[in-house]
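**Q** Pasting a predicted model and its sequence here:
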Amino acid sequence: MNVVKINLRNVIFVMMAMLVNNIKEVDMGYESMVSYASANVTPATSNRKHNMYDMCPVGKECSKLSVECLNCDLTTNCVYGATYTTNCTVPDQVDCLGEKVITKQYICRYCYQTDHWEHKCHLKNSCSSVASPPQYYRTNCTVNSDIICLGKRKFMKNLRCNWTAGYRWSTALILSITLGGFGADRFYLGHWQEGIGKLFSFGGLGVWTLIDVMLISMRYLGPADGSLYI
């Protein structure tokens, strides 16, 4: 009986020792994994920042650099719409000529609050410009390089669908008046089925031709793809 107790005690002792060793190995593996990850993340972050300044011109006057190539001291504790003066410094990664500290003026506002001529947006044509009610789409916009503003320089914005595919209102009207009886105006605007019907009916014996002239003159009849006249 005593022998069984001693053997059981030895087995428990051996199992505890093995468990402790496994825990130590897991800890060592975790520490090495964390150190490896940190060693690889830090250079990537620094390289990303360095690549951001690689697009800046070399040998240009510092005062003519775009805002993306400068570090400007901005504060959110300002009055919206008021004009402030700030000091912008040139980072060490940027090579330019002249004074490294530049004084600039800016209006207190976030970048998404800039006027439409102060930023450029990615235009889309996957909507109808003549829809009622008007259609809107969400797209990416980027502030112009000479504008100083608060927050991210790239933002999302809702724009009204008002794209054009190059159709001229004057051309469509002239075709409708002169060759409307043969469906030339409908073919020009991309309404192929109506154009064929208009061609074989001789413009609906003149009635369809007159109606299309009125519709195009009032800009009620537009391109079939949903775009606007230019």
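**A** The structure has been received and is ready for your questions.

**Q** Helix or strand: which one has Pro57?
**A** Assigned by DSSP states H and E, Pro57 belongs to no helix or strand.

**Q** Apologies, that question was intended for Leu175.
**A** Per DSSP H and E: helix 169-179 holds Leu175.

**Q** Quick check: buried residues in that helix?
**A** Ala172, Leu173, Ile174, Leu175, Ser176 (16 or more other CB atoms under 10 Å). All C-beta spots, glycine's among them, are computed from the backbone N, C-alpha and C.

**Q** try stretch 102-119
**A** Quick answer for stretch 102-119 (16+ other CB under 10 Å): Ile102, Tyr106, Ile107, Cys108, Arg109, Cys111, Tyr112, Thr114, Glu118, His119.

**Q** repeat for stretch 192-201
**A** Glu194, Gly195, Lys198.

**Q** Now tabulate those in TSV and tack on pLDDT, secondary structure and distance to Cys78.
**A** Listed next are the buried residues of stretch 192-201 as TSV, based on pLDDT from 0 to 100; DSSP: H, G, I helix; E, B strand; the rest coil; distance: CB to CB, whole Å:
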residue	pLDDT	secondary structure	distance to Cys78
Glu194	92	helix	58
Gly195	93	helix	59
Lys198	92	helix	62
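
**Q** The helix or strand containing Leu210 vs helix 169-179, what angle?
**A** Leu210 belongs to helix 207-217 when assigned by DSSP H and E. Orientation check (axes from the mean of the first three to the mean of the last three CA atoms, to 10 degrees): helix 207-217 against helix 169-179 gives 160 degrees.

**Q** Report all helices and strands that helix 207-217 contacts.
**A** helix 169-179, helix 184-189, helix 192-200 (3 or more CB pairs under 8 Å, 6 or more residues apart in numbering; DSSP states H and E).
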